[in-house]
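Q: pasting the structure only:
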């Protein structure tokens with residue numbers, strides 16, 4: 001925990017402006033994180049107001065991926081609310097990421113001017129950064145495998161253009177992250193992996209980052225018994241359950257279920273929901289319609305009934321907590337990730353994870369909280385058996401780790417950082433440290 005360097009900024013006088021395009025009831029991982037963090041800060045006595053999209057229930061509205069005046073909206077709210085500092089939940093696409101197909105130097109977002117003109121301290125939480133291979137994976141066209149004589153050439157041309165645009169803008173995206181880091185008085189990430197990726201392993205830049213884990217905790221004061229939780233969703237009592245859960249995007253990699261040799265004593269449970277600001281849908285899972293959203297559990301004959309699609313769509317925090325209590329492990333066969341709130345949520349409910357061997361997941365697998373494997377069905381099948389055989393060893397380590405994830409603990413770490421920043425920047429007029437491109 002950092003020392004408090006500015007005594008006059010006590011919890012009851014501190015005013016924070018939290019900025020997040022997503023905010024409940026808008027579905028989305030960034031919004032859900034921002035809400036839980038805001039509530040944790042308020043419980044600790046800090047005054048927080050939220051600026052979000054008009055569809056969210058924040059204190060101020062007006063920002064949107066399509067709004068070219070996002071910077072003005074934020075600066076106007078700062079003038080009205082007069083906070084001590086502004087905290088940006090940065091997922092570039094949520095503020096309007098624009099990439100040029102010819103000139104990568106034109107890459108921009110609709111909050112660039114805010115970072116240049118803001119006169120109070122900025123704290124930025126970075127939600128995304130990618131190595132090149134994963135960055136390219138974000139541009140995968142969902143219908144590229146459609147061999148229809150008419151649509152295939154169209155989809156193929158779109159895919160080629162999308163790949164090209166991604167490729168030439170990769171360096172510019174990294175630079176944009178680094179510039180915002182250097183124009184912030186503090187930067188927060190959920191993992192050491194993400195800090196190193198944004199800083200490009202530069203030791204001086206790494207010092208600008210503070211790792212504060214994504215908060216997560218059950219929605220109930222007392223754990224729910226597994227049998228009771230399974231009855232809520234009509235799930236089998238006599239099998240172990242692996243959960244596939246998240247928003248409906250093509251990077252989740254659930255198509256791995258099509259060729260997964262599921263052990264006889266296991267069942268795979270699926271639930272996915274749509275994200276308001278992400279319209280790219282995933283590849284289909286055999287026997288399941290990704291676009292259905294009905295209110296009953298659907299057990300298919302695929303894999304002899306071992307795959308169960310809940311079809312519940314977006315779940316409330318209470319419903320999600322019950323679902324985690326009903327399961328034994330979380331499976332994350334992602335093709336791309338900067339971080340995973342779902343992984344932290346699962347850990348908070350005592351569930352170890354099996355995930356694709358990506359940098360973010362590897363960091364937490366090295367803590368003994370789960371297993372990472374190559375993204376092959378047989379590797380995931382072997383990992384399920386391995387985790388099942390050593391289950392108690394993983395859950396014991398998870399119980400210790402979870403103490404760091406409570407939202408009150410996460411809020412206190414943020415408060416410590418806020419006071420440190422204010423202590424170092426009293427009377428600040430946005431003294432920037434301009435990024436110099438190598």
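A: Yep, that arrived. Here the structure is a predicted model, which means the values were calculated and not measured.

Q: Now do the helices in the stretch 101-250 of the chain.
A: 112-117, 132-137, 151-182, 192-199, 203-206, 226-232 (DSSP state H, counting those that start in this stretch).

Q: mind checking which of the ones you listed is nearest residue 220?
A: Nearest to residue 220, of all the helices of the stretch 101-250 of the chain, is helix 226-232, at 10.1 Å by CB to CB. Glycine gets a C-beta too; all of them are placed from N, C-alpha and C.

Q: By mean pLDDT, point me to the weakest helix or strand of this protein.
A: When the helices and strands of the chain are scored by mean pLDDT, DSSP states H and E, strand 298-299 comes last with a mean of 51.

Q: Pick the most deeply packed of the helices of the stretch 101-250 of the chain.
A: Across the helices of the stretch 101-250 of the chain, averaging neighbours per residue (mean count of other CB atoms under 10 Å) puts helix 192-199 on top, at a mean of 21.

Q: Which other helices and strands does that helix contact?
A: With contacts taken as 3 or more CB pairs under 8 Å, 6 or more residues apart in numbering; DSSP states H and E, helix 192-199 sits against helix 151-182, strand 186-189, helix 203-206, strand 209-211, helix 359-365.

Q: Now with 10 Å, please.
A: strand 122-126, helix 151-182, strand 186-189, helix 203-206, strand 209-211, helix 359-365 (3 or more CB pairs under 10 Å, 6 or more residues apart in numbering; DSSP states H and E).

Q: pLDDT of the fourth one, averaged?
A: Translated: helix 203-206. Summarised as a single mean, pLDDT over helix 203-206 is 90.

Q: for the fifth one, same thing?
A: In this model, strand 209-211 has a mean pLDDT of 97.

Q: and what of the longest one?
A: Along helix 151-182, the predicted local confidence has a mean pLDDT of 90.

Q: That helix to strand 122-126, inter-axis angle?
A: On the basis of axes from the mean of the first three to the mean of the last three CA atoms, to 10 degrees, helix 151-182 is oriented at 140 degrees to strand 122-126.

Q: Run the chain-centre distance for helix 151-182.
A: Centroid displacement of helix 151-182 relative to its chain, using CA atoms, centre = their mean, to the nearest Å, is 20 Å.

Q: With the shortest one instead?
A: Averaging C-alpha coordinates over strand 209-211 and over its chain gives two centres that are 16 Å apart (CA atoms, centre = their mean).

Q: Only the buried residues of it, if you could.
A: Across strand 209-211, burial judged by 16 or more other CB atoms under 10 Å covers 209-210.

Q: Given it, what are its sheet partners and their directions?
A: Sheet pairing for strand 209-211, assigned by DSSP bridges, gives strand 186-189 (parallel).

Q: Distance from the strand it pairs with to the middle of the chain?
A: For strand 186-189, the distance to the chain centre is 15 Å (CA atoms, centre = their mean).

Q: Report the rounded mean pLDDT for that strand.
A: Mean pLDDT, strand 186-189: 98.

Q: same thing with stretch 226-240?
A: 96.

Q: That stretch: end-to-end distance?
A: Criterion CA to CA, to the nearest Å; first-to-last residue distance in stretch 226-240 is 11 Å.

Q: ok, residues contacting that stretch?
A: Residues outside stretch 226-240 that contact it (CB atoms under 10 Å, 6 or more residues apart in numbering) are 223-225, 241, 262-269, 271, 296-297, 299, 305-306, 308, 310, 312, 319, 321-329, 349, 384, 387-388, 391.

Q: quick revisit: what's the closest of the helices of the stretch 101-250 of the chain to residue 368?
A: Go through these one by one with CB to CB and the one that ends up closest to residue 368 is helix 192-199, at 16.1 Å.

Q: Identify all contacting residues around the closest one.
A: Helix 192-199 has contacts (CB under 10 Å, 6+ apart) with 126-131, 134, 174, 177-178, 180-181, 187-189, 191, 201-202, 205-211, 338-339, 358-364.

Q: domain ranges for this protein?
A: 15-215+406-424, 226-403 (automatic domain parsing).

Q: Would you single out the least confident of those?
A: Mean pLDDT is lowest for domain 226-403 out of the domains of the chain, coming in at a mean of 87.

Q: and the gap between residue 15 and residue 51?
A: Here residue 15 is placed at a distance of 13 Å from residue 51 (CB to CB, to the nearest Å).

Q: the more surrounded of the two?
A: Taking other CB atoms under 10 Å, residue 15 and residue 51 do not tie; residue 51 has more neighbours (26 against 14).

Q: tell me the strands in the stretch 301-438 of the chain, going along the chain?
A: Secondary structure of the stretch 301-438 of the chain, counting by DSSP state E, counting those that start in this stretch: strands at 307-309, 329-332, 353-356, 370-373.

Q: Let me have the ones you listed in a markdown table, extended by mean neighbour count and distance to residue 121.
A: Listed next are these as a markdown table, based on neighbours: other CB atoms under 10 Å; distance: least, CB to CB, whole Å:
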| stretch | mean neighbour count | distance to residue 121 |
| --- | --- | --- |
| strand 307-309 | 23 | 47 |
| strand 329-332 | 26 | 35 |
| strand 353-356 | 25 | 36 |
| strand 370-373 | 23 | 36 |
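
Q: got CSV for these, with distance to residue 139 too?
A: Listed next are the strands of the stretch 301-438 of the chain as CSV, based on distance: least, CB to CB, whole Å:
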stretch, distance to residue 139
strand 307-309, 28
strand 329-332, 21
strand 353-356, 18
strand 370-373, 24
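
Q: Out of these, flag the one nearest residue 106.
A: The closest of those to residue 106 is strand 353-356. By CB to CB, the value is 32.8 Å.

Q: In contact with residue 171, which residues are there?
A: Listed by CB under 10 Å, 6+ apart, the contact set of residue 171 reads 104-105, 107, 132, 437.

Q: let's see 7 Å
A: Applying CB atoms under 7 Å, 6 or more residues apart in numbering to residue 171 gives the contacts residue 104.

Q: Distance of it relative to residue 104?
A: Look at residue 171 and residue 104: by CB to CB, they are 7 Å apart.
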